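> Output the structure for:
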Amino acid sequence: MPSTYEPIATNTLGSAAASVTFSSISGAYTDLVLIISGQSTSGGNSDGLAIRVNSDTGANYSATLLRGDGTSALSSRNSSDTFYRIAFYGQTGSAVLSSFSTTILNFQNYSNATTYKTLLARANVAADGTAAVVGLWRNTAAITSITLVGYSGNLATGSTFTLYGIKAA
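The predicted model follows:
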């Protein structure tokens, strides 16, 4: 069964921002895909994105992260978090890189009101590394809003966030 990506909304930052929110997301799709080209304004390999759905700040999120840079690899597991933790490249050490990273988030079965919500994410930038994340939001509510916040810095000027809905054909 083929599927079709339909653009829902795009936000390109004209100045650095603490957060980006997509709200009033329709339940008309099977899945959501959020594609990010951006970086944080702060340096540091531990920087990343905190993602909340439906403004839920409870300890209802968990994630497993795999990350590598061609020299070393690491994995980590977080459970009972108050947000999805996503690696967000575009910085290394204490320096912000000149190139943005690409991060792709897939929200599976987001509008189903009987199952917990799964997130699959990939992030990479050639000069820094790559990461994959699988996350879970332990709530059966349909996702109607997504908020992204930088861990330790703002989201940089020029960062672009595009949300797509996948519609079964």
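> The residue nearest the centre of the chain - nearest residue in space that isn't next to it in sequence?
Closest residue to the average C-alpha location of the chain: residue 105 at 5.1 Å, with C-alpha atoms, centre = their mean. Counting by C-beta to C-beta, 6 or more residues apart in numbering, residue 105 lies nearest to residue 34, which is 4.2 Å off, once chain neighbours are set aside. From N, CA and C alone the C-beta is placed, and that goes for glycine too.
> What strand or helix carries the residue nearest to the centre of the chain?
Following DSSP states H and E, one finds residue 105 within strand 101-108.
> Output that strand in CSV, but only the C-alpha positions, please.
Provided in CSV are the C-alpha atoms of strand 101-108 (Å, rounded to 0.1, in the frame of the first residue of the first chain):
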residue,chain,number,x,y,z
SER,A,101,22.8,18.6,11.0
THR,A,102,19.9,16.6,9.5
THR,A,103,17.6,15.0,12.0
ILE,A,104,14.6,12.9,10.9
LEU,A,105,11.9,12.0,13.5
ASN,A,106,9.2,9.4,12.7
PHE,A,107,6.2,9.4,15.0
GLN,A,108,4.5,6.0,14.4
